[in-house]
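Engineer: let's see this in three dimensions:
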Amino acid sequence: MRAVVQRVRHGKVAVEGKVIASIGQGLVILLGVGPQDRSETAQAMARKIAMLRIFEDEQGKMNLSLLDVKGEAIVVSQFTLYADTRKGNRPSFTDAAPPDLASPLVDIFAENLRSQGVMVQCGQFGAHMLVTIENDGPVTIVLEM
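Structural biologist: All right, here's what the predicted structure looks like:
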């Protein structure tokens with residue numbers, strides 16, 4: 001499982017011109033699922049991200065987690081995180097999990113974030129989404145489990 005985690009002041013997701021998710025301070029999480037990933041992987045990734053200390057404390061140091069700042073999250077499934085560009089100029093996505101495996105794991109990930117106490121909204125699996133990210137910092141962290 002791969003995640004690109006962006007600390008945001010604001011984030012939103014639209015599908016076919018309709019906003020389906022919108023948050024203020026928090027994280028936009030672009031989540032890719034690999035064929036070897038399991039429920040345990042999604043649970044561990046959710047715990048890691050909920051506790052990731054990337055928000056500033058009173059001294060301006062990144063010392064607070066999403067939970068500490070009571071931030072929100074948007075989870076966006078993104079199979080393109082498994083792009084293989086070693087050959088040629090057209091990426092291959094054969095390393096990404098098939099939709100029947102990926103979709104439930106994205107749901108498990110989001111539910112585990114919720115169980116940690118995070119307010120979570122989600123993109124629409126398999127849809128063409130317009131993701132708006134107002135990156136704060138900018139702070140972008142790449143995680144892999």
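Engineer: correct me, but G117 touches S65?
Structural biologist: No. Using C-beta atoms under 8 Å, G117 is not in contact with S65; the gap is 10.4 Å. The C-beta positions use only the backbone N, C-alpha and C, and glycine is treated the same way.
Engineer: comparing those two, which residue is more hemmed in?
Structural biologist: Taking other C-beta atoms under 10 Å, G117 and S65 do not tie; S65 has more neighbours (17 against 10).
Engineer: list the contacts for the more buried one?
Structural biologist: For S65, the contacting residues are A50, M51, L52, R53, I54, F55, by C-beta atoms under 8 Å, 6 or more residues apart in numbering.
Engineer: now pLDDT, secondary structure and neighbour count too, for those residues, in JSON lines please.
Structural biologist: Shown next, in JSON lines, are these (pLDDT from 0 to 100; DSSP: H, G, I helix; E, B strand; the rest coil; neighbours: other C-beta atoms under 10 Å):
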{"residue": "A50", "pLDDT": "97", "secondary structure": "helix", "neighbour count": "21"}
{"residue": "M51", "pLDDT": "96", "secondary structure": "helix", "neighbour count": "12"}
{"residue": "L52", "pLDDT": "97", "secondary structure": "coil", "neighbour count": "19"}
{"residue": "R53", "pLDDT": "97", "secondary structure": "coil", "neighbour count": "13"}
{"residue": "I54", "pLDDT": "97", "secondary structure": "coil", "neighbour count": "20"}
{"residue": "F55", "pLDDT": "97", "secondary structure": "strand", "neighbour count": "22"}
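Engineer: that concludes my questions; thank you for your assistance.
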